[in-house]
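Chemist: fold the following and give me the result.
(2 chains)
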Amino acid sequence: AQKITQTQPGMFVQEKEAVTLDCTYDTSDPSYGLFWYKQPSSGEMIFLIYQGSYDQQNATEGRYSLNFQKARKSANLVISASQLGDSAMYFCAMRRIYNQGGKLIFGQGTELSVKP
Amino acid sequence: DAGVIQSPRHEVTEMGQEVTLRCKPISGHDYLFWYRQTMMRGLELLIYFNNNVPIDDSGMPEDRFSAKMPNASFSTLKIQPSEPRDSAVYFCASRSGNSPLHFGNGTRLTVT
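Modeler: Next up is the predicted model:
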């Protein structure tokens, strides 16, 4: 069975500083993908970044990067130069990749608050 | 690309009434998912379809819930009869192959 754990219910960061949101996972599948989504107070789910289990390099998308440590089964999201608009819930998610199937399983989320 | 379209955005109904939530996936996407989000249980997958065929409905809470996908551009999630504990935000999401999941804006359901 797959499991995603986000141990930080809430985080605070000062504007313009970097912040790391933790995510650990458990799976027996050899091929899987890890995803991060942002949910602002308006409620929509916004895809941020993806990391494949066989990707050699850590994924980056603008100010977002994923610190992927396969042996430790962690996939932490790093947001650089935080902005007020980054205040939101952040969800880590995982699914198996082979055969294109697989359901996306989510962690409980981390609420990030950016202070001016 | 209009994105995943859900309707209604908000639904308030009385216990015992039938509720139907609607979803139009992104054109060309062959996977469609229904999720439910509550404070207590987070984001739960209810059911998903591939090429209009239900693949996994193990997350459907009970027989009061049913979902259909009569064609590639439309899906419904029905609750009959509704109960107060069904109050939640229901998301529809779609993807193509191994692409990331794209979510609709959700339907906030309140059952009184």
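
Chemist: which residues of chain B fall in strands?
Modeler: Applying DSSP state E to chain B gives strands spanning B:5-7, B:10-13, B:19-24, B:31-38, B:42-50, B:53-56, B:65-71, B:74-79, B:88-95, B:102-103, B:107-111.

Chemist: those strands: which one's closest to residue A:107?
Modeler: Ranking the strands of chain B by proximity to residue A:107 (Cβ to Cβ) places strand B:42-50 first, at 7.7 Å. From N, CA and C alone the C-beta is placed, and that goes for glycine too.

Chemist: excluding chain neighbours, give the residue nearest to the most centrally placed residue in chain B in space.
Modeler: Using Cα atoms, centre = their mean, the residue of chain B that lies closest to the mean C-alpha position is residue B:34, 3.5 Å off. Sequence neighbours aside, residue B:46 is the residue nearest to residue B:34 in space, at 4.4 Å (criterion: Cβ to Cβ, 6 or more residues apart in numbering or on different chains).

Chemist: same thing with residue A:88?
Modeler: The shortest distance from residue A:88 to any non-neighbouring residue, by Cβ to Cβ, 6+ apart, is to residue A:40 (4.3 Å).

Chemist: do you know the pLDDT at the one you found?
Modeler: pLDDT, residue A:40: 97.

Chemist: what's the answer for residue B:1, then?
Modeler: According to the predicted model, the pLDDT of residue B:1 comes to 62.

Chemist: and residue A:1, by the same measure?
Modeler: On the pLDDT scale, residue A:1 is placed at 78.

Chemist: go on, the one 5 residues further on?
Modeler: Here, the pLDDT recorded for residue A:6 equals 97.

Chemist: nearest spatial neighbour of it, skipping sequence neighbours?
Modeler: Among residues not flanking residue A:6 along the chain, residue A:107 sits closest, at 3.8 Å (Cβ to Cβ, 6+ apart).

Chemist: roughly how far does that neighbour sit from residue B:7?
Modeler: Separation of residue A:107 from residue B:7 (Cβ to Cβ, to the nearest Å): 29 Å.

Chemist: what about the two, which has more around it?
Modeler: Ranked by neighbour count (other Cβ atoms under 10 Å in any protein chain shown), residue A:107 and residue B:7 place residue A:107 first, with 23 against 14.

Chemist: quick one: contacts for residue A:87?
Modeler: Taking Cβ atoms under 8 Å, 6 or more residues apart in numbering or on different chains, we find residue A:87 in contact with A:40-41, A:112-114.
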